[in-house]
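Q: with the input below, show me the fold.
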Amino acid sequence: MLGKVFRAFLLLSLLALTVESSAPSSEEEDSSSEKDSEEHAKGSPHGHWTYTDQDSWSVAFEHCKGKSQSPINIDTRKALFDPMLPEIVLEGYDLSDTKSLKLQNNGHTLQLSLPNTLRIVRGFDTVFIAAQLHFHWGTKEDPGSEHTIDNVHFPAEIHVVHYNSKYANLSEAASKADGLAVLGAFIGIGLHENENYENILSVLKDVSIEETDTEIPGFNVRHLLPPNLQRFYRYNGSLTTPPCFQTVNWTIFNDTIRVSRKQLAALEDTLKAEHNELLSKNFRAPQLLFGRDVQSSFRAEVSGSGSQPSGTGRSGGNSRSIGEENGNQGGFSRGDILAIAFGALFVVTLIAFIVYMVHQRKKFSRFTKDSRQNVIYKPATKEEA
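A: Alright, predicted model coming up:
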């Protein structure tokens, strides 16, 4: 029995090692994707770009090869807690429904133009004025957030773009070192529809074709962001699309916003881009940090998995913490599964060995007892003595 158990253990171990060694590493996958991108990228005309030729962006747009590019992966274990980071305070986000907002499919994203009455009045050294917000998404099988948390992608991501009030407009500020501040938040999947997002998602069919737009009534734009704006990550980066100006002060909120699977599917499956192709996977791959610091306005949990879930707040419960979202999105990694498998095999083998030893001990005891019972006592003779 013990021999069979050990043979099974060795067979499963070899199988697991074979699977592990045959699967491509993340570096190999990155290298492969870079080669594929190069094939699509060669000869891209200046000023024209797509998400399928990301590696060629630096050919036409020199800033895209800089060392302060966005998005990035945020390693929660390495984020530096800074208690001096001030809370983000917004003003003017609650718009009347008499105010019309322009919603546009520009061929790269879904963009909502914002009036200059929306501002960040606290959180930076100066006031920042809102210009527009837009989204990045993927597919049901391939989550499409641009930033990642501990290498985990979320289904989608919202960016609210602001420019420094010292400049006349977004165009002027975009190339200035202190020009932009972007508020980013992750969008996850919840059980219920998010009424706040329905203000935008309900009219997607009106902008399904590239370079079309429509007008929607004003609403409280604040509700598109998480209720808790006190917990966030901060770093210096760039625009995530060409021309990739490295002028963005990024704020990525810790809590996620939730929409229903149906709502997310509408975003993934409705809009069309160039040549009437589906507008999807409009996210840039995470860029290298090159020594940049990522600050955190809160202390990371001991487990390093983010914060505790926040309250329902003003989003009607459509919010959760990154730690909770990671638990649902990321699941067990391949390493975790292998560790669990080996641990289980070890426990099974140990139990089998203990059972085998107990069985052998009982068998030996019975044999010894039987042997003693079969001995016939015979007094020694004098000759034998």
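Q: tell me which element residue 215 falls in.
A: strand 212-217 (DSSP states H and E).
Q: give the other helices and strands that the helix or strand just after that strand contacts.
A: Past strand 212-217, further along toward the C-terminus, the next helix or strand under DSSP H and E is strand 232-237. Packing partners of strand 232-237 (3 or more Cβ pairs under 8 Å, 6 or more residues apart in numbering; DSSP states H and E): strand 248-253, strand 295-296. The C-beta positions use only the backbone N, C-alpha and C, and glycine is treated the same way.
Q: what's the strand holding residue 215 in contact with?
A: The list of residues contacting strand 212-217 from outside it, by Cβ atoms under 8 Å, 6 or more residues apart in numbering, reads 97-105, 112, 199-200, 203, 206-207.
Q: change it to 7 Å
A: Residues from elsewhere that reach strand 212-217, judged by Cβ atoms under 7 Å, 6 or more residues apart in numbering: 97, 100-105, 199-200, 203, 206-207.
Q: which residues in this protein form helices?
A: If DSSP state H is used as the criterion, the helices of the chain fall at 2-22, 26-41, 57-60, 170-173, 195-201, 261-269, 322-330, 334-373.
Q: quick one: which of those has the weakest pLDDT on average?
A: The stretch with the lowest mean pLDDT among the helices of the chain is helix 26-41, at a mean of 36.
Q: may I see the buried residues of the strand holding residue 215?
A: The neighbour-count criterion (16 or more other Cβ atoms under 10 Å) identifies residue 216 as the buried residues of strand 212-217.
Q: run the chain-centre distance for it.
A: When C-alpha coordinates are averaged (Cα atoms, centre = their mean, to the nearest Å), strand 212-217 and its chain have centres 30 Å apart.
Q: that strand pairs with which strands, and in what direction?
A: Looking at strand 212-217 with DSSP bridges, its paired strands and their directions are strand 100-105 (antiparallel).
Q: find the residue at the geometric middle of this protein.
A: residue 153 (2.4 Å; Cα atoms, centre = their mean).
Q: measure that one to residue 145 for me?
A: Taking Cβ to Cβ, to the nearest Å as the criterion, residue 153 is separated from residue 145 by 5 Å.
Q: one step back: how about JSON lines for the contacts of strand 212-217, with distance to residue 268 added?
A: Supplementary listing: the contacts of strand 212-217 in JSON lines, determined by distance: Cβ to Cβ, whole Å:
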{"residue": "97", "distance to residue 268": "28"}
{"residue": "100", "distance to residue 268": "27"}
{"residue": "101", "distance to residue 268": "22"}
{"residue": "102", "distance to residue 268": "22"}
{"residue": "103", "distance to residue 268": "17"}
{"residue": "104", "distance to residue 268": "18"}
{"residue": "105", "distance to residue 268": "14"}
{"residue": "199", "distance to residue 268": "18"}
{"residue": "200", "distance to residue 268": "14"}
{"residue": "203", "distance to residue 268": "16"}
{"residue": "206", "distance to residue 268": "17"}
{"residue": "207", "distance to residue 268": "15"}
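Q: pick out the most distant pair among those residues.
A: When those are compared pair by pair using Cβ to Cβ, the two farthest from each other are 97 and 105, 22.5 Å apart.
Q: compare the two (neighbour count), which wins?
A: residue 105 (23 against 11; other Cβ atoms under 10 Å).
Q: picking that back up, so which of the helices and strands packed on strand 232-237 is the most surrounded?
A: Comparing the helices and strands packed on strand 232-237 by mean neighbour count (mean count of other Cβ atoms under 10 Å), strand 248-253 ranks first with a mean of 24.
Q: which residues touch it?
A: Applying Cβ under 7 Å, 6+ apart, the contact partners of strand 248-253 are 70, 74, 88, 124, 147, 180-185, 225-226, 229, 231-239.
Q: strand partners (parallel or antiparallel) of that strand?
A: With DSSP bridges as the test, strand 248-253 pairs up with strand 180-190 (parallel), strand 232-237 (antiparallel).
Q: winner for burial among the ones you listed?
A: Ranked by mean neighbour count, these are led by strand 180-190 with a mean of 25 (mean count of other Cβ under 10 Å).
Q: outside of that strand, which residues touch it?
A: Here strand 180-190 has contacts from 120, 124, 128, 145, 147, 154-163, 173-174, 225-226, 247-253, 256-261, 264, 318, 320, 322, 325, using Cβ under 7 Å, 6+ apart.
Q: now stretch 78-92
A: Residues beyond stretch 78-92 that count as contacts (Cβ under 7 Å, 6+ apart) turn out to be 117-123, 222, 229-230, 232-234, 251, 293-300.
Q: can you do 8 Å?
A: If you take Cβ under 8 Å, 6+ apart as the criterion, stretch 78-92 is touched by 115, 117-124, 183, 222, 229-230, 232-234, 251, 293-300.
Q: hey, C-alpha coordinates of it in CSV?
A: Once side chains and other backbone atoms are set aside, the C-alpha atoms of stretch 78-92 remain, and they are given as CSV (Å, rounded to 0.1, in the frame of the first residue of the first chain):
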residue,chain,number,x,y,z
LYS,A,78,5.9,48.5,-1.7
ALA,A,79,3.6,51.5,-1.6
LEU,A,80,4.9,54.2,0.8
PHE,A,81,2.5,55.3,3.4
ASP,A,82,2.4,59.1,3.6
PRO,A,83,0.1,60.5,6.3
MET,A,84,0.7,64.0,4.9
LEU,A,85,-1.2,63.3,1.7
PRO,A,86,-4.3,65.6,1.9
GLU,A,87,-7.8,64.2,1.2
ILE,A,88,-9.3,64.9,-2.2
VAL,A,89,-12.1,67.4,-2.0
LEU,A,90,-14.3,68.0,-5.1
GLU,A,91,-16.5,70.9,-5.9
GLY,A,92,-19.3,71.5,-8.4
